[in-house]
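J.: Take a look and give me a structure for this.
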Amino acid sequence: MDECEALRNIRHNLIKILTSCSSIDFEGNDFKALVFEFMPNGSLEKWLHPKVDGQHQLRSLNFSKRLNIAIDIASALEYLHHHCHIPITHCDLKPSSILLDEDMTAHLGNFGLARFLSRITGNSSDDRSSTIGLKGTIGYIAPEYGTGAHISMAGDVYSYGILLLEIVTGKSPTGDRFKDGLSLRKFVELAFPEQVMDIMNPSLLHLEDEEVRATNIIGNARDKKRRFQESLVSLVRIGIVCSAELPSDRMEMGDVAKEMNVIREIYWCWDL
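T.: Here you go, the predicted model:
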């Protein structure tokens, strides 16, 4: 019911709901389901962390695709926070909540934890927004929620920052290496900016090297590699700022979306 209420009046690159079902299952229990538009390329989770299924392995995402996906998500969150009749927080942003259509456009789904916000305070007035009722995903939940803070837009921004760092590094925030005080954000922050290339997803760097080698003109190849590195550092910077410990230190999604689009314009100018 929360998901239906959240999706009823929003229009953006969000998962399109087709219909709903309410019935009794074969054991006599209530059965309720939402039927969404099919996304042929599955979830972002499967692309960031591909597994061999016995038949094939998903192709790796190059930098352009990762950048476009990150911008799609930023745009969707900006819409929810600033352009809905009543602002909405998603509250469960993670790779499995992002589905990809046949053109690899990212669509935001999984609105079961979404909350409506007060336009005056920017916080949820719903009692269910307390930590007791919060059922987000470990690794992506804003730290202030652990101290009983109300759900806010800043919480979504934190989740986006962690997701952005995961997109560029290929490392999950709940990976085995992140323990004893070392988090994904801390891991990236320690390498920023000089050693950023050393912690990036190996498949991302491999694909980028192939694209650079395919550039026939030496000067253009050098310029492409330089711009790639600059764009990557810019993305990492946004991810670090968005996932800051204090909500007041984080960016707003409107500013994030603007900066992300500037990065894409600079990166794509290689082909002009």
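J.: Make sure I have this right: residue 107 is in a helix.
T.: No - counting by DSSP: H, G, I helix; E, B strand; the rest coil, residue 107 falls outside a helix, being strand.
J.: That one touches residue 101, doesn't it?
T.: Yes - shown here, residue 107 and residue 101 form a contact pair, counting by CB atoms under 8 Å, at 6.4 Å. The C-beta positions use only the backbone N, C-alpha and C, and glycine is treated the same way.
J.: Looking at these two, which is more packed in?
T.: Using other CB atoms under 10 Å, the more surrounded residue of residue 107 and residue 101 is residue 107, with 20 against 16.
J.: Give the bridge partners for the more buried one, please.
T.: Counting by DSSP bridges, residue 107 forms beta bridges with residue 99.
J.: Roughly how far does it sit from residue 245?
T.: Taking CB to CB, to the nearest Å as the measure, residue 107 falls 30 Å from residue 245.
J.: can you dump the C-alpha coordinates of stretch 192-208 into PDB?
T.: The C-alpha trace of stretch 192-208 is given here as PDB (Å, rounded to 0.1, in the frame of the first residue of the first chain):
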ATOM      1  CA  PHE A 192      41.400  10.600  -3.200                       C
ATOM      2  CA  PRO A 193      42.500  12.200  -5.400                       C
ATOM      3  CA  GLU A 194      46.000  11.000  -6.300                       C
ATOM      4  CA  GLN A 195      45.400   7.300  -6.100                       C
ATOM      5  CA  VAL A 196      41.800   7.200  -7.400                       C
ATOM      6  CA  MET A 197      42.800   5.200 -10.500                       C
ATOM      7  CA  ASP A 198      44.300   2.500  -8.300                       C
ATOM      8  CA  ILE A 199      41.000   1.600  -6.600                       C
ATOM      9  CA  MET A 200      38.700   1.700  -9.600                       C
ATOM     10  CA  ASN A 201      36.900  -1.300 -11.000                       C
ATOM     11  CA  PRO A 202      39.400  -3.300 -13.100                       C
ATOM     12  CA  SER A 203      36.900  -4.000 -15.800                       C
ATOM     13  CA  LEU A 204      36.100  -0.300 -16.100                       C
ATOM     14  CA  LEU A 205      39.700   0.600 -16.600                       C
ATOM     15  CA  HIS A 206      40.200  -2.300 -19.100                       C
ATOM     16  CA  LEU A 207      37.300  -1.100 -21.200                       C
ATOM     17  CA  GLU A 208      38.500   2.400 -21.100                       C
END
